[in-house]
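Visitor: return a 3D structure for these sequence lines:
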Amino acid sequence: MDRDITRIDIISDVICPWCYIGKRQLELALPELAAGGLHFSVHWNPFQLNPDMPAEGRDRMAYRMAKFGSAERCAEIDANITGVAANLGLEFHLERQSRTPNTVAAHRVIWLAGQHGVQDAVVEALFNGFFCQGRDLGDLAILADIADSAGLPGAQAMLAGDDGLEYVLSGDAMARRAGISGVPSFAMAGHVLFSGAQPAAQMVASFRHAHDVLSRRAA
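Guide: Coordinates of the predicted model:
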């Protein structure tokens, strides 16, 4: 994570619904911060919710039944998440998801997007693909198609090699060493400020306070 106090680092996984919800809350917070003279850049950093997930992923229903214990509990969780998302204009269709993917390749695409200045568009497209369309983010052809549609060139060729792999794995390990166990987590200048998809108003207050404290330290 960078030490720039005008930069917000988000530690996130593309299969985390609260990360997509948190993105929407941040998008509501940023204009309010800008109106007060605080302008931030946003950067997305890798985290694996399931670091032991096999490369091919797992059947989603089997995985979730093992994790949550019953179809009823899974349905309850999905209904809650879908309702929260709807309040922010996100139309989740979790019933369309058939597999829980390994997300290393998706994080490599996000890394490449950062090199081309289209990270926000690519992250948005990945979230939308998984939560709204039910696309398998472990499928390299699907990832390349999503990247292309979001204006990112070269994803197919990159995924054929190992570019970005070390960055993703080291970033994930660094987040764990920093004590991060849940996402989204939001950081500024190397300091984790909070975790979770907080309401926009709380984000505004947190970022303003952090910027003020860090500015005084740097003076």
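Visitor: pLDDT weak spots in the protein?
Guide: 1-2 (pLDDT under 70).
Visitor: mind listing the strands for it?
Guide: For the chain, the strands defined by DSSP state E occupy 7-12, 41-46, 58-59, 99-100, 185-188, 191-195.
Visitor: name the helices or strands packed onto the third one?
Guide: Strand 58-59 sits against strand 99-100, with contacts defined as 3 or more C-beta pairs under 8 Å, 6 or more residues apart in numbering; DSSP states H and E. Where C-beta positions appear, they are placed from N, C-alpha and C, glycine not excepted.
Visitor: give me the residues contacting the strand it packs on.
Guide: 15, 50, 53, 57-60, 63-64, 136, 138 (C-beta atoms under 8 Å, 6 or more residues apart in numbering).
Visitor: in a markdown table: the strands of the chain, plus mean neighbour count and distance to Arg176.
Guide: Formatted as a markdown table, the entries for the strands of the chain read as follows, by neighbours: other C-beta atoms under 10 Å; distance: least, C-beta to C-beta, whole Å:
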| stretch | mean neighbour count | distance to Arg176 |
| --- | --- | --- |
| strand 7-12 | 22 | 10 |
| strand 41-46 | 20 | 11 |
| strand 58-59 | 14 | 21 |
| strand 99-100 | 21 | 20 |
| strand 185-188 | 24 | 11 |
| strand 191-195 | 16 | 12 |
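Visitor: present those strands as a markdown table; the columns should include distance to Val123.
Guide: Listed next are those as a markdown table, based on distance: least, C-beta to C-beta, whole Å:
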| stretch | distance to Val123 |
| --- | --- |
| strand 7-12 | 8 |
| strand 41-46 | 5 |
| strand 58-59 | 23 |
| strand 99-100 | 19 |
| strand 185-188 | 14 |
| strand 191-195 | 18 |
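Visitor: just to revisit the earlier point, most neighbours among the contacts of strand 99-100, please name it.
Guide: With neighbours taken as other C-beta atoms under 10 Å, the top of the contacts of strand 99-100 is Ile15, carrying 25 neighbours.
Visitor: how close does that residue get to Gly129?
Guide: As judged by C-beta to C-beta, to the nearest Å, Ile15 and Gly129 stand 11 Å apart.
Visitor: next up, the contacts around the nearest residue to Met203 once chain neighbours are set aside.
Guide: Distances taken as C-beta to C-beta, 6 or more residues apart in numbering place Ala29 nearest to Met203, at 4.0 Å, with adjacent residues excluded. By C-beta under 8 Å, 6+ apart, Ala29 lies in contact with 200-201, 203-204, 207.
Visitor: check contacts around Val104.
Guide: Contacts of Val104 (C-beta under 8 Å, 6+ apart): 48, 55, 165, 168-169.
Visitor: give me the buried entries from those residues.
Guide: With burial judged by 16 or more other C-beta atoms under 10 Å, the buried subset of those is 48, 168-169.
Visitor: export those to CSV and tack on distance to Asp145?
Guide: Formatted as CSV, these follow (distance: C-beta to C-beta, whole Å):
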residue, distance to Asp145
Gln48, 22
Val168, 20
Leu169, 24
